[in-house]
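K.L.:
The sequence and its predicted three-dimensional model are supplied below.
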Amino acid sequence: MNKEIQRGLNDRLYEKRKAAALELEKCIRQCVEDDDDAKIRSIVDQLCHDFAYAVHQPNARNGGLIGLAASAIALGPHVAEYLEDIIPPVLACFGDQDARVRYYACESMYNIAKVAKGEILLYFNEIFDALCRLAADSELTVKNGADLLDRLIKDIVAEKAATYVSVIHTLPEPPPEPAPDDSDPTQPVLAHEPVQDPSNEPAFSLARFIPLLTDRIYVINPFTRMFLVSWITLLDSIPDLELVSYLPEIIGGLLNFLSDTNVDVRVATQGALDGFLNEIKRISELKRAVSEIKAQNAARAAATVTKAGSENKQVVSADAAETESIAEEFVTEDGRPVSGADGSAADSARPDIDDIDEDNTTMSNLNMAAAISEGVYLPGQDVKVDFAKVIDILLSHLDSTEQEIQLTVLKWIESFFEISPDDLLPFVPRFLSLLLPTMAHDNAQLRQAAEKVNNDLMELIISLPHSVPEEVKRGKDDDSAESQPPTPSLPPPRPGLAAVRSISPAASRSMSPPAPLSRRSLSTDRIRARDDESIMTKLATASTSSALPSPNMNAESGQEEGSRTSTSKMELLLDYPATVNALTLHFLNEREETRVAALDWLIMLHRNASSKILAINDGTFPALLKTLSDSSDLVVTKDLQLLAQISYNSDDDYFASFMLNLLSLFSTDRKLLETRGNLIIRQLCVSLNPERIYRTLAEILEKEDDVEFASIMIQNLNNNLITAPELQGLRRRLRNLDTKDGTNFFISLFKSWCHNAVATFSLCLLAQAYEQAFHLLQIFADLEITVTLLIQVDKLIQLLESPVFTYLRLQLLEPEKYPFLYRCLYGLLMLLPQSSAFATLRNRLNSVSAIGYLHIVPPTAVLSSTATASGTSSTGSNAAKQVYNRFKGRIDEARWNDLLDKFRTVQMRHERLRRQAQTGTGTGQTGSDLANGSRANSQSGASAQPSVQTPAAQQVHHHRSALSFMSGNKSIASPASGGGALGNNANGANSAVAARESRIFRNRAR
């Protein structure tokens, strides 16, 4: 450059720099006309090194920038050859400390890009990086200049990014792309895909730009975020770029933008995400349509071949020499398959590629079918989106503190149930860990969205083929195929490439041929030629085989193969143990909704795949038992439903282990037994067989060493047996002791019910074993009448007035038929002190006293082991004798004497334990020692009584006297223990004190 131009570019005044730039432009134009490339490069080099790179001379840098812009304008179409020298110094000025330099850099780059147009795309990454920083510049003038440059670059990209090829072919090599995975069913395969010439590669490369965008997308500045969203929206709007294939690299940053404080950023980001989602749906529908059309074509072709082969299977033989003659029968000279003289049947049976729907299809669908058949490329057909990575990123944002992010994630995941449900299965454990707490969110909109996604995911798991049908497993083992029940139909496969690949030729032959179809658009000659070729191939294959297989057999083998393949695939995709572990952790969640949802999932999983989850020896079963202590009734109900479902149809060992663990839980957590014991027992009886539950519990409690817990547990079981509506059938079964099963069930309960005296007595009343109940009352006279026992008797009196014992109250009207019923009730009356329960029972007995007194002690009704019936008895005595004979048969069969001895032994064991607890001795005695001690006779038990008698002990003598009178014993005097009790009670106390203690005791009993 001459000296005047150099001085003008170095001047501090803009007007002088502009004038010098105009002179420089004229000079360069002259050089272009003269084709003086050396001088042009010399001037550009001087502008770069002497002016643009002069860091400490702002005026010189400004002059260099305007000089480079003037040079680019002068070069015009030839600027592409000099851009590698012009662009770098301008980019360097974008980071200058002086705001004016940064502004002039924007102005210079604007003029250069306006001239270079598509060639500027070679330096898109560098320009984008500079603009990304300038978008957050503190100077408003610089920001405005950058905005103008940004608009120009966007226009160039929108117009030329997809197609423009540089004229200089000096592109940097793109990073190597990973080889496509042939095993991936979603990977499109294009036949005869041309290899692109590097010289024809577009100037703009999305593969080179994505790493820069990924690095910048995690910025925090709202202006930069707005800049990035605008560019992402622009690039996504260009169809040929297919930015959606790089969605995993950018979706994480876009989700973070939703937490920005700027409303404009959130709105723009939400619009960009909605655009990506709609594009994914469109691509998925396109691929699904392609797969369905190909599958229908393959099925129709296979059905046509199968039909032709079945009609001529007698003609086809194993001789290969006959193949040509057989083919001539199906193919005419012009190459069209026929089955008759005019060939109409063959034309109607041949599949037409256009007829893809039975209804009236739109022209777009017909065109798409035709295009697919012709091999025409459709936009988006070969786009591959890594849905697994997208789902992984979405789940990582599901636990965000921003509700808008969570709502967006749930919206995307809900769409994936239609787009690619198979890709969701490997993430089910992690997904549930994040989704279930969201279902208990305080925000109603977020909670409803989470519940909807949860229901969709549950329906997806339910629709999976979790096991091979039993009919398929049996296969050829059965003697006759006709005896087999029909194979249950599995859910239809979801549309997609995987569904197309799962259709085997053998399975496709079983499809029925379609109805006659009409031809619309494609060339019929090409279709006929293809059909003829497939028929010839089929005939040749059949001729070389030894025998032609049956189409039905092929269909069955295809179904078996397809079901096994689908089952193995589902087992690999869904990790059941990990899912169960993730759900079990939510038992400790503080929100009730989350715990209930976790139990619902376990119930569903066990119902669909019971063999894969929840074994008795894994860590889930103890967690389920511990959940019974939950504060929520709904959680406990769901937990019991799951436990009952696990135990349903299980073997006896599994069920017994469950009952044993349940009793162990009750034993260690007495509060649970008090608050939830009845609920747990009733809920289990609803879901399982009540008799099985009571039998198993009775067998375990009979051998229980902790007799106190056994007594409490028997009391709860007995209360439920009497009052629970769910056990009405069990009560009806107990009243039927005429059968062997009923008697065995009664005996099994009686042995364990011996731990609680009142419960044993009420069991006999339920079973209508009134004579046995009366014998139990006689044993009561030898026991210590405690306050607990009297309270239980009081409750029993109240239950006798309930609807459950209506039959018992009606039986009071037939004393000749049920003589021992009166003795039982009067015996209870003698046990009770003067209380409200005493008055209730006395009023009931007084209402039928006129009937009862006539038969309370009939001459022939005193039945004992030594008594015999009188031949001159009355009609009532004969009826009593018949009833006695019926009960006597039961007594002999049920071994009443052994049961009574069992009751007496167990009650003595309880009494001995209470005495040891009162005296404070023998606390370390084991259960076996107590059992041995309980076998002592009643005299030794009586001698071990403490010297200080309780008010209850004062009543023993009166109880024994009353019971002896009821049994017909003339001796009213009690054993020595009664006298000892009275003697000990005297002990220096007067009768007034004894009367006062008696009143206190009666009040406590009330």
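P.N.:
That came through, no problem.

K.L.:
I'd assumed A74 was in contact with R29.
P.N.:
Yes. With contact defined as CB atoms under 8 Å, R29 and A74 form a contacting pair (4.7 Å). Glycine gets a C-beta too; all of them are placed from N, C-alpha and C.

K.L.:
which intervals of the stretch 101-250 of the chain have sub-threshold pLDDT?
P.N.:
169-199 (pLDDT under 70).

K.L.:
Where do the helices of it begin and end?
P.N.:
Assigned by DSSP state H, counting those that start in this stretch, the stretch 101-250 of the chain shows helices spanning 124-134, 140-160, 206-216, 222-236, 247-257.

K.L.:
What residues sit buried inside the third one?
P.N.:
Just to be clear, that refers to helix 206-216. For helix 206-216, the neighbour count (16 or more other CB atoms under 10 Å) marks L206, F209, I210, L213, R216 as buried.

K.L.:
how about low-confidence regions in the protein?
P.N.:
169-199, 308-377, 379, 466-572, 610-618, 649, 850-895, 920-1006.

K.L.:
before we move on, the earlier item: and R29 and A74? Which one has more around it.
P.N.:
A74 (23 against 16; other CB atoms under 10 Å).

K.L.:
OK, contacts around A582?
P.N.:
With contacts defined as CB atoms under 8 Å, 6 or more residues apart in numbering, A582 is in contact with P429, R430, L432, S433.

K.L.:
after the helix or strand hosting L660, next one along is what?
P.N.:
Following DSSP states H and E, one finds L660 within helix 652-668. Tracing the chain past helix 652-668, the next element assigned as helix or strand by DSSP H and E is helix 670-687.

K.L.:
what does that following helix rub up against?
P.N.:
628-629, 633, 636-637, 640-641, 643-645, 648, 662, 665-666, 693, 712-713, 716-717, 719-720, 724, 726-727, 730.

K.L.:
what do you get if the cut-off is 7 Å, keeping everything else the same?
P.N.:
628-629, 636-637, 640-641, 644, 665-666, 693, 712, 716-717, 720, 724, 726-727 (CB atoms under 7 Å, 6 or more residues apart in numbering).

K.L.:
Going by neighbour count, which residues of it are buried?
P.N.:
Neighbour-count burial for helix 670-687 flags 672-673, 676-678, 680-687 (criterion: 16+ other CB under 10 Å).

K.L.:
next one: stretch 418-435
P.N.:
Going by neighbour count (16+ other CB under 10 Å), the buried part of stretch 418-435 is 419-435.

K.L.:
got the end-to-end distance for that stretch?
P.N.:
One end of stretch 418-435 to the other measures 19 Å (CA to CA, to the nearest Å).

K.L.:
from now on call the first residue 40
P.N.:
OK, 40 is where the count begins now, so the last one is stretch 457-474.

K.L.:
any residues touching that stretch, and which ones?
P.N.:
Contacts of stretch 457-474 with the rest of the structure, by CB under 7 Å, 6+ apart, involve 319-320, 323, 426-427, 430-431, 434, 437-438, 455, 489, 492-493, 499, 533, 537, 612-614, 617-618, 621-622, 640.

K.L.:
List only buried entries from those.
P.N.:
Counted by 16+ other CB under 10 Å, the contacts of stretch 457-474 give 319, 323, 426-427, 430-431, 434, 437, 455, 489, 492-493, 499, 537, 613-614, 618, 621-622, 640 as buried.

K.L.:
So which of the residues you listed are in helices?
P.N.:
319, 323, 426-427, 430-431, 434, 455, 489, 492-493, 499, 537, 618, 621-622, 640 (DSSP state H).

K.L.:
who are the neighbours in contact with the closest residue to C145 other than its chain neighbours?
P.N.:
Closest residue to C145 apart from its sequence neighbours, by CB to CB, 6 or more residues apart in numbering: G184 at 3.5 Å. Neighbour list for G184: Y142, C145, E146 [criterion: CB under 7 Å, 6+ apart].
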